[in-house]
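Student: what follows is a predicted protein model with its sequence.
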Amino acid sequence: MDNLLGLTTPAPLSLTTLTINLLLSVLLSSLLAWFYTRHGRSLSNRARFAQTLPVLALTTVLIISIIKSSLALSLGLVGALSIVRFRTAIKEPEELLYLFMAISVGLGMGADQRLPTILATLVILGYLFVRTLLVPGPAKSNLYLNVLAQPSDNAFAQINQLLLKHVKSADLRRLDRSESALQATYLIACPTDEALVSLMDDLSAQVPRGEFSFVEQDNVLGG
């Protein structure tokens, strides 16, 4: 009876089909990662986050390819996921969007729905691209930048140099220095989201062990 229901005897998995699905997933998820790095508006390190998208898609393809041939494996996966709790916070809604897109690519390819998956992914990316052109991001003209860095002889000058490279203006509002830390607060006017992301990337690269945060004063209730 178990064999008749397919509970214990999974259908054979075609390695050729799996390989094709994995390769197509690499192409689609790499396109997704490139698009996110190029056109995303998240303030976090987009390039680093984008590297996880192809791996996520490939893992999803493998899981779906294995469990789709056996009801027992499918039920086992549901039971395993029910006891796993994911506690990593998603800081940006845009990151959640691209995570779901990468998972969708993996689900579609793992279920052998190649043409619908490719078509849907291209349509979604096309919509996002058109939206980027028609709805440009607003200029960041009222941002507070908080910097916490290790004290050194040139740390303050280096931060100022990076600010002048990326922003229209930077007004120093607070500066605290102790033996263990240098803390500075600036009011900055940044022309575009891309300039803001470049500023964050340069600060992370040029100021080791530093902590940086942006606070936008325009984000008020009802605005």
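Tutor: Sure, I can see it.
Student: domain map for this protein?
Tutor: 2-134, 140-216 (automatic domain parsing).
Student: dump those domains to JSON lines, plus mean neighbour count.
Tutor: Bear in mind the C-beta positions are built from the backbone N, C-alpha and C, glycine included. JSON lines is the format used below for the domains of the chain (neighbours: other C-beta atoms under 10 Å):
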{"stretch": "domain 2-134", "mean neighbour count": "15"}
{"stretch": "domain 140-216", "mean neighbour count": "15"}
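Student: with mean pLDDT as new columns, can those domains be given to me in CSV?
Tutor: Shown next, in CSV, are the domains of the chain (pLDDT from 0 to 100):
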stretch, mean pLDDT
domain 2-134, 80
domain 140-216, 80
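Student: wouldn't residue 117 be in contact with residue 104 here?
Tutor: Yes. Contact criterion C-beta atoms under 8 Å: residue 117 and residue 104 qualify, at 7.5 Å.
Student: would you list every one of the strands in this protein?
Tutor: Remark: strands assigned in the chain by DSSP state E are 140-149, 169-177, 182-190, 211-216.
Student: dump those to a markdown table, plus distance to residue 33.
Tutor: Compiled in a markdown table, the strands of the chain are given as follows (distance: least, C-beta to C-beta, whole Å):
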| stretch | distance to residue 33 |
| --- | --- |
| strand 140-149 | 25 |
| strand 169-177 | 32 |
| strand 182-190 | 25 |
| strand 211-216 | 24 |
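Student: beta partners for residue 188?
Tutor: Bridge pairing for residue 188 (DSSP bridges) gives the partners residue 143, residue 170.
Student: residues contacting it?
Tutor: 140, 143-145, 163, 167, 169-171 (C-beta atoms under 8 Å, 6 or more residues apart in numbering).
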